[in-house]
Every structure is written in structure tokens, then in C-alpha cells.
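Undergrad: Using only what follows, build the 3D model:
(one chain, ligands or ions: 1)
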Amino acid sequence: MVRFDRVSKRYPGGKEALSGVSFELDRGEFAFLTGHSGAGKSTLLKLMMQMEHPSRGQVFVDGLNLGKLRAGQVPYLRRKIGVVFQNHQLLFDRSVYDNIALPLQIAGYTPAEAGRRVRAALDSVGLLGMEKRNPIELSGGEQQRVGIARAVVNKPPLLLADEPTGNLDPELSAEIMNLFMRFQQVGVTVLIATHDIALVERLGHRRLILDHGQLHEDALIAGGQYV
Ligand SMILES: Nc1ncnc2c1ncn2[C@@H]1O[C@H](COP(=O)(O)OP(=O)(O)OP(=O)(O)O)[C@@H](O)[C@H]1O
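TA: Now for the predicted structure:
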């Protein structure tokens, strides 16, 4: 689903944010992306969304070679990817329903089909019945669930998250991570960038570790131990 082939990224005037990074994520795989602040986690996610371009190397998403994508194909790529941010970027002057329906309106769904999909997305994050509420009335954990519902409402095959539990306490963080795992169980490929090493170690799963722009470990959990 995702392949990085010796990818480097240098921002104008800066040092290399990523250096020769190669890895593959299979369809339906779940992985964490960890590393110190400034290690390159957000940069790696942005390259997949074509928000940044590599200085060297190639990135493939769902068979698309992003270096060969025409400008007109970028919306097609973005529809394959659901993104969840730490600060969830919800619009507080709109209802929960409108926040989640936004990507569907942009994609041209009819109101009836959009309504069906919004309710299915809310159901998948345990918030059915909250359509008319304003996000400002919801707790931090509920707001993050709305952010996840918005990311999956288009049924993207790839779900990326950048520090999705950054503002949440350990219990809520574990609940949110469990939600991501449920999407993996229905075939979605999931990659989550996080600082929360304790949670990652508790949950297991494959772990990609960035250190000063280099991928220095790519481990699979086995019997509770990284190998
Ligand atoms: N737009 C930019 N212009 C110049 N340098 C940048 C830009 N974005 C990131 N960088 C630099 O690239 C490096 C990697 O940053 P990145 O945000 O990818 O790291 P990160 O691992 O996500 O960090 P954090 O955990 O703090 O969010 C850092 O040295 C950062 O200062």
C-alpha cells in the first residue's frame, strides 16, 4: 500500500529531515511511527499526502508513483488517505454532522448518500446520535473521535495519524488507539506517528523508528518483545 524507496527530504535552507528512508507497508497493515521531536515523522506523513516532495528517492501509495503524479491527480491521491491530526482541526461554527460531511460535499455525494455515510462513520467511532451537537460541547476524546469519523467517512484504504493522542490522558489515548486497530481489522492500512512510547510498547504492532531522519529500526512484536 505504501513504499518508500531511499527517500531523502531536505527543506530549503535546512538540514536533511529524512535521509535514505526505505520501507513498505502492506495493505491492511498497522504500524506506529516513533522518534524524537524533529526526527522527521510529520515530514514522512506529508510526503505520502503529497504535501511535500522528496529531494531524492521515490514514494508509492496504492500503486501510484507520487513523483509521476500530474497536478490533476493529487485530489485522487488524497481521497485514498484519511488523516487525523493532534488538534483535530474541527470547525467550531458547524455541527458534528457538517464537520464530518465536509469531505463528502467536496467529493460531490448526494445529501442522502452523505447522510448515510456520516451516520456510519459516527457509528464506527461510537458517537451515533451526536450529529446535531457542536464540537465545542464535546470532551477532548469525543472531539478526537469526530476527527477520526471525518477521516474515515470517505472509506479511504489508508489512514494516517499525526500525534492523535497528544492531548489525551492515558485511558482515552488507549481507547483512541483501539479505534484505529478496529479500522485495521476491516482492512484499512494504518500508520500512526506518536511520542507515546509506553502506549506503543503496550499495544505491540510493527514499529518504524526515526532517528535524525534515518529509519534505524523496523521491528515486529513477538511475545511482547521487539525483535
Ligand atoms: N517546512 C519546513 N521548513 C524547514 N524545515 C522544516 C520544515 N518542516 C520541518 N522542518 C525540519 O525538518 C526536521 C523534521 O521535522 P518533522 O516535523 O518532520 O519532525 P517530527 O518528528 O514530526 O517532530 P515533532 O515530533 O516535534 O512533530 C526538523 O529539523 C524540522 O525543523
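Undergrad: going forward, measure contacts between C-alpha atoms and count neighbours the same way
TA: OK.
Undergrad: Gly20: how many residues sit nearby?
TA: Here the number of neighbours of Gly20 (other Cα atoms under 10 Å) works out to 16.
Undergrad: and it, that's in a strand?
TA: Yes: counting by DSSP: H, G, I helix; E, B strand; the rest coil, Gly20 falls inside a strand.
Undergrad: Could you pull up the contacting residues of the closest residue to it other than its chain neighbours?
TA: In space, and not counting its chain neighbours, Gly20 is closest to Arg6: 4.1 Å by Cα to Cα, 6 or more residues apart in numbering. Residues near Arg6 by Cα atoms under 8 Å, 6 or more residues apart in numbering: Ser19, Gly20, Val21, Ser22, Arg56, Gly57, Gln58.
Undergrad: who's in contact with the last one?
TA: Residues counted as contacts of Gln58 (Cα under 8 Å, 6+ apart) are Phe4, Asp5, Arg6, Val7, Asn65, Leu66, Gly67.
Undergrad: Closest one of these to the ligand?
TA: Nearest to the ligand among these, counting by Cα to the nearest ligand atom, is Val7 at 13.3 Å.
Undergrad: any idea how far Gly28 is from Val190?
TA: As judged by Cα to Cα, to the nearest Å, Gly28 and Val190 stand 7 Å apart.
Undergrad: now Leu69
TA: From Leu69 over to Val190 the distance is 23 Å, taken as Cα to Cα.
Undergrad: One more: Leu208?
TA: According to Cα to Cα, Leu208 and Val190 sit 12 Å apart.
Undergrad: just Lys46 next, same as before
TA: Using Cα to Cα, one gets 15 Å for the distance from Lys46 to Val190.
Undergrad: of these two, who's got more company?
TA: Neighbours per residue (other Cα under 10 Å) separate Lys46 from Val190, with Val190 holding more: 24 against 16.
Undergrad: what residues does this structure put near the ligand?
TA: Contacts of the chain with the ligand, taken as Cα under 6 Å from any ligand atom, map to Tyr11, Gly14, Ala17, His36, Ser37, Gly38, Ala39, Gly40, Lys41, Ser42, Thr43.
Undergrad: domain assignment for this protein?
TA: Domain segmentation of the chain under automatic domain parsing yields 2-80+156-226, 91-155.
Undergrad: can you list those domains in a markdown table and add mean pLDDT?
TA: Formatted as a markdown table, the domains of the chain follow (pLDDT from 0 to 100):
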| stretch | mean pLDDT |
| --- | --- |
| domain 2-80+156-226 | 91 |
| domain 91-155 | 93 |
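Undergrad: quick one: strands adjacent to the host helix or strand of Phe60?
TA: According to DSSP states H and E, Phe60 maps onto strand 56-61. Counting by DSSP bridges, the strands paired with strand 56-61 are strand 2-10 (antiparallel), strand 64-65 (antiparallel).
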